[in-house]
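Q: Let me see the structure of the following:
(chains A and B)
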Amino acid sequence: DIQMTQSPSSLSASVGDRVTITCRASQSISSYLNWYQQKPGKAPKLLIYAASSLQSGVPSRFSGSGSGTDFTLTISSLQPEDFATYYCQQSYSTHMYTFGQGTKLEIK
Amino acid sequence: QLQLQESGSGLVKPSQTLSLTCAVSGGSISSGGYSWSWIRQPPGKGLEWIGYIYHSGSTYYNPSLKSRVTISVDRSKNQFSLKLSSVTAADTAVYYCARGITGDPATFDYWGQGTLVTVSS
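A: All right, here's what the predicted structure looks like:
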């Protein structure tokens, strides 16, 4: 299985901050990397697909980059509604799709 | 707007079979090249992909669950279903259904709200 490791596991930040979350794959996954946002009691929401493509309707303050094994999700200016848990997920390994363990973004 | 809604038994006894259905509205399950997945999340933990189906009936499962999983589609009812046999407490989780986008079946753009299934005697 391809292991997806996110860092940090948790993060405290303030409204207006620029935040970066990192996801590392245990082997190359090209650009087959997605980012999701999950709020308590809710389903995950697709933010970024194919490493850097912004899903329709997602604010432009969210961006993704990377390829191969190292990827980042950046929120350029945190808004109150952005406090949530973020997951990366690889869609490279056919029928063995895996998610990272999550990064919980909390208000400082 | 596409909507997905899970339904099924919320409490299952150990060794029995978990059964869930995902009703799709606002679009046809038979249109396009979409895949239809089940994903689960144990309480307080991360996400695990279970498997997906195409409207043709072709199925693909997570190897770690393959021996216990069956996903089926009912095009006439615009819904798809999950059966997971021989359940244990480790199968307690929120179960989500989701749609995979055309061209990448494991990029999930629409999700159901999720349903909690507890395995307990």
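Q: Near chain B, which residues of chain A are found?
A: Counting by CB under 8 Å from any CB of the partner chain, chain A comes close to chain B at A:32, A:34, A:36, A:42-46, A:49-50, A:55, A:87, A:89, A:91, A:94-102. For glycine as for every other residue, the C-beta is placed from the backbone atoms N, C-alpha and C.
Q: Can you turn the buried part of these into a PyMOL selection?
A: This is the PyMOL syntax for the buried subset of the residues of chain A next to chain B, where burial follows 16 or more other CB atoms under 10 Å in any protein chain shown:
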select buried, chain A and resi 32+34+36+43+44+45+46+49+50+55+87+89+91+97+98+99+100+101+102
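Q: So which of the residues of chain A next to chain B are in strands?
A: With strands defined by DSSP state E, the entries of these inside them are A:34, A:36, A:45-46, A:49, A:87, A:89, A:98-99.
Q: As a markdown table, those with pLDDT would be great.
A: Output for these, formatted as a markdown table (pLDDT from 0 to 100):
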| residue | pLDDT |
| --- | --- |
| A:Asn34 | 98 |
| A:Tyr36 | 98 |
| A:Lys45 | 98 |
| A:Leu46 | 98 |
| A:Tyr49 | 98 |
| A:Tyr87 | 98 |
| A:Gln89 | 98 |
| A:Thr98 | 96 |
| A:Phe99 | 97 |
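Q: Distance check, A:Lys42 against B:Ser121.
A: For A:Lys42, the distance to B:Ser121 equals 30 Å [CB to CB, to the nearest Å].
Q: Cool, thanks, talk later.
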